[in-house]
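Trainee: Provided below are the primary sequence and the corresponding predicted coordinates.
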Amino acid sequence: MNDPEYVLSPARQLTDAEKELVWLKPLSHKVSEEERRICKEIKRNWNRGEMKITNILLEGDAGSGKTQLAKALSANFGLPYTKVTCFADMDKSDIMGAILPVISSERLKKLDADDQEALKALYESDGFHSATEVLMDVLGVTQEIAALKMKHILKLAAENTEGEAVEYRFYPSEIVRAYQKGYLLEIQEPNVIRDAAVLMALNSALELDGSINLPTEIIRRHPDFIAVITTNRSYAGSRPLNEALRDRVQHTEKMDLPTKEVMIERAMAKTSYENEQVLDTFADAIIVLDKTARANAIKGVAGMRSYFYWVDAVAGGASGIESLYHKVIYKITTDSEEIKILEEALKQQGLLERMDEVEIGLKKNKFLTPSKSEHGGK
Ligand SMILES: Nc1ncnc2c1ncn2[C@@H]1O[C@H](COP(=O)(O)OP(=O)(O)OP(=O)(O)O)[C@@H](O)[C@H]1O
Ligand SMILES: [Mg+2]
């Protein structure tokens, strides 16, 4: 059960389909300081008019828990969770949605089977799902491919209705749907968007008392709409988050590789592995590798995901040193020079030695385990 303490609009009735979208915290979820802080802040300001906080930025390291935090907010606030993953070539219809003319059934029959299927699914959709979602579902493709497909369909529909008086239907984007229906929307990596006009459209959707003007209707912002922007910190060569977009954010969290204690807590919850010597040593190694990679401009990341998989490999009986390479180091880089730099850092911090000790301890444990289970232990 999600804790009702921070539910923002207790009187609101969600439909069954909407209830399904509210995130349910798994048992492995650990509440973080950031989560507590955001919840308190938003709850405190919720009925304070212009001081209401509805746009949040979570910026920082890959795997630091930005997406899971956005989902946890959905759980705490009692709001449906939805997301949009931004990409470089996004255009205005990806932000706003698309207006699609309805093709006559004779013309429809002459199209490719794939396009027919897509169009039919769109025409039959109940308006609850966004156009990309409908296409993802019926064609089994990713959000980005679905967005491309939608553009193709729009062109096709325009060609097949030229000169005819036709009916039009509006298909909201995921963003507009969340905006209109009052969901919590995670906007992933909006810094990659190239077109300035598209960024402007996104900015205007984040206006507190805004409305979106479409050719077919005016869409008002639902008072419960919350936008959570999640993005990796910009590094040399990457595009920084648009300033105007940044300026519309009313609360920001700097998301780094968590503290060692939190790393261990999450890994234990996820893998059910409890050997503290292993968890501690591996966490220290990840921290050293993360720092070293940064200091030497090595592009890959040593983060939480690598840590989980490394711990899990050892929990499954693999060697710690061997899996260090397959789960952590090669994920950062496969360049021999860079690997040397990483190895040297581990050695200097005494981690290679500690890992050898871990390895000896693990071998002993393996030896002990069968006799333990004979007595019914686990
Ligand atoms: N509070 C938490 N409790 C337990 N596990 C967590 C928590 N937060 C994150 N994790 C785990 O850490 C991993 C990475 O989390 P998440 O996907 O949220 O990171 P992210 O910052 O969104 O990464 P990316 O930058 O790649 O999008 C996931 O396996 C997730 O389940
Ligand atoms: Mg994420």
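Mentor: Right, received. Where do you want to start? Ligands and ions are numbered 1, 2, ... in the order given.
Trainee: shaky segments in the chain?
Mentor: Scanning the chain with the threshold set as pLDDT under 70 gives 1-2, 235-237, 367-378.
Trainee: quick check: residues of it near ligand 1?
Mentor: Counting by CB under 6 Å from any ligand atom, the chain comes close to ligand 1 at 28-30, 32, 62-68, 230, 232, 266, 269, 304-305. All C-beta atoms are positioned from the backbone trio N, CA, C, and that covers glycine.
Trainee: now, those that are in strands?
Mentor: Applying DSSP state E to these, the entries found in strands are 230, 232.
Trainee: filter the residues of the chain next to ligand 1 down to the buried ones.
Mentor: The neighbour count (16 or more other CB atoms under 10 Å) marks 29-30, 32, 63-68, 230, 232, 266, 304 as buried among the residues of the chain next to ligand 1.
Trainee: without its sequence neighbours, what residue ends up closest to the residue most central in space within the chain?
Mentor: Centroid check for the chain by CA atoms, centre = their mean gives T67 as the closest residue, at 3.9 Å. Distances taken as CB to CB, 6 or more residues apart in numbering put T230 closest to T67, at 6.1 Å, once the chain neighbours are dropped.
Trainee: which of the buried ones among the residues of the chain next to ligand 1 are close to ligand 2?
Mentor: Among those, proximity to ligand 2 is found for 66-67 (CB under 5 Å from the ion).
Trainee: ok, so of the buried ones among the residues of the chain next to ligand 1, who is nearest L324?
Mentor: Using CB to CB, M304 is the member of those that sits closest to L324, with 15.7 Å.
Trainee: so who does the closest one touch?
Mentor: Counting by CB atoms under 8 Å, 6 or more residues apart in numbering, M304 makes contact with 63-65, 257-258, 263, 266.
Trainee: 10 Å instead?
Mentor: Residues near M304 by CB atoms under 10 Å, 6 or more residues apart in numbering: 61-65, 68, 257-258, 262-263, 266-267, 270, 283, 286.
Trainee: distance check, A315 against ligand 1.
Mentor: Relative to ligand 1, A315 is positioned 15 Å away (CB to the nearest ligand atom, to the nearest Å).
Trainee: and if you look at G361?
Mentor: To ligand 1, G361 is 26 Å away according to CB to the nearest ligand atom.
Trainee: coming back round to it: hmm, L73 and the residue nearest to T67 touching each other?
Mentor: No. With contact defined as CB atoms under 10 Å, T230 does not reach L73; the gap is 11.2 Å.
Trainee: for the closest residue to V249 other than its chain neighbours, helix, strand, or coil?
Mentor: Distances taken as CB to CB, 6+ apart place L57 nearest to V249, at 4.2 Å, with adjacent residues excluded. Assigned with DSSP: H, G, I helix; E, B strand; the rest coil, L57 falls in the strand class.
Trainee: look up how far G303 lies from L57.
Mentor: Using CB to CB, to the nearest Å, L57 is found at 19 Å from G303.
Trainee: with W46 instead?
Mentor: W46 is 33 Å from G303, by CB to CB.
Trainee: again with L241
Mentor: 20 Å.
Trainee: repeat that for V7.
Mentor: Separation of V7 from G303 (CB to CB): 32 Å.
Trainee: which one's more surrounded, those two?
Mentor: When neighbours are counted by other CB atoms under 10 Å, V7 and G303 differ, and G303 comes out ahead with 23 against 16.
Trainee: for the more buried one, which non-adjacent residue is spatially closest?
Mentor: G63 (3.6 Å).
Trainee: wait, the one you found touches T230, no?
Mentor: No. Counting by CB under 10 Å, T230 is not a contact partner of G63; they are 11.7 Å apart.
Trainee: which residues do those two both contact?
Mentor: Common contacts of G63 and T230 (CB under 10 Å, 6+ apart): M255.
Trainee: contacts only, for the closest residue to ligand 2 within the chain.
Mentor: Nearest residue of the chain to ligand 2 (CB to the ion) works out as T67 at 3.2 Å. Residues near T67 by CB under 10 Å, 6+ apart: 58, 81, 83, 186, 188, 228, 230.
Trainee: with E20 instead?
Mentor: For E20, the contact set (CB under 10 Å, 6+ apart) comprises 14, 80.
Trainee: try R107
Mentor: Applying CB under 10 Å, 6+ apart to R107 gives the contacts 156-157, 159-161, 164.
Trainee: for the stretch 251-378 of the chain, which residue gets nearest to ligand 1?
Mentor: Per CB to the nearest ligand atom, the residue of the stretch 251-378 of the chain with the smallest distance to ligand 1 is R266, at 4.1 Å.
Trainee: and the gap between that residue and K25?
Mentor: Between R266 and K25 the computed distance is 13 Å (CB to CB).
Trainee: what's the overlap in contacts for those two?
Mentor: Q68.
Trainee: now for Y273, how many residues are close by?
Mentor: By the criterion of other CB under 10 Å, Y273 has 16 neighbours.
Trainee: now do the one 3 residues further on
Mentor: One way to gauge burial is a neighbour count; for E276, by other CB under 10 Å, it gives 10.
Trainee: cool, P190 as well?
Mentor: For P190, the count of nearby residues is 25 (other CB under 10 Å).
Trainee: that one contacts L199, doesn't it?
Mentor: Yes. With contact defined as CB under 10 Å, P190 reaches L199; the gap is 7.5 Å.
Trainee: overlap in contacts of those two?
Mentor: Contact criterion CB under 10 Å, 6+ apart; residues shared by P190 and L199: 86, 90, 95, 241-242, 245.
Trainee: which single one of those is nearest to K151?
Mentor: Closest to K151, out of all of the shared contacts of P190 and L199 and judged by CB to CB, is M90, at 10.9 Å.
Trainee: my guess is the closest one contacts A196. True?
Mentor: No. M90 sits out of contact with A196 when judged by CB under 10 Å, with a separation of 11.7 Å.
Trainee: so which bits of stretch 245-256 are buried?
Mentor: Neighbour-count burial for stretch 245-256 flags 245-246, 248-251, 253, 255 (criterion: 16+ other CB under 10 Å).
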